[in-house]
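*Asks:* Fold the following and give me the result.
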Amino acid sequence: MKEKDMGKNKKLHFKSYEEAAEWFDAHDMSSYEDQMKPVDFHFDLRKNRDWVEIDHEIAKYIRELAKEQNIPTRRLVNEWLKERLSSLH
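*Replies:* Reported below is the predicted structural model:
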């Protein structure tokens, strides 16, 4: 992640969604509050994906493992699930 100073404003740039998630998990956004603008948006989490709630510490560990393997977290989780499901039959 790179943080570019643009006068008073700081702009954040991330290489991936995973990198952004890790940064936001570790930082307090209140230091950026003066730069935030209200937004109105709508989205449907069910549209293209299925979501499963995972314990925060487990998710953090999975992200670390995926980072070590240099693959997206979603890919690692999907590979593990496919392996486990194929072993059941």
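
*Asks:* where's the most centrally placed residue in the chain, which helix or strand?
*Replies:* The centroid of the chain falls nearest to Ala21 when counting by C-alpha atoms, centre = their mean (3.3 Å). Assigned by DSSP states H and E, Ala21 belongs to helix 17-26.

*Asks:* my read: the residue nearest to the centre of the chain touches Ile62, true?
*Replies:* No - Ala21 is not in contact with Ile62 according to C-beta atoms under 8 Å; the separation is 11.4 Å. C-betas here are computed from N, CA, C, even on glycine.

*Asks:* Tell me which residues are up against stretch 59-77.
*Replies:* 16-18, 21-22, 25, 54 (C-beta atoms under 8 Å, 6 or more residues apart in numbering).

*Asks:* Now for the residues you listed, which sits with the most neighbours around it?
*Replies:* Ranked by neighbour count (other C-beta atoms under 10 Å), those have Glu22 at the top, with 18 neighbours.

*Asks:* I'd like the distance between that one and Lys67.
*Replies:* 8 Å (C-beta to C-beta, to the nearest Å).

*Asks:* Same check on Lys82?
*Replies:* 20 Å.

*Asks:* Domains in this protein, by residue range?
*Replies:* In the assignment given by automatic domain parsing, the structural domains of the chain cover 1-41, 46-89.

*Asks:* Now do the longest one: distance to the chain's middle.
*Replies:* Which is domain 46-89. 12 Å (C-alpha atoms, centre = their mean, to the nearest Å).

*Asks:* Thank you kindly, that will do.
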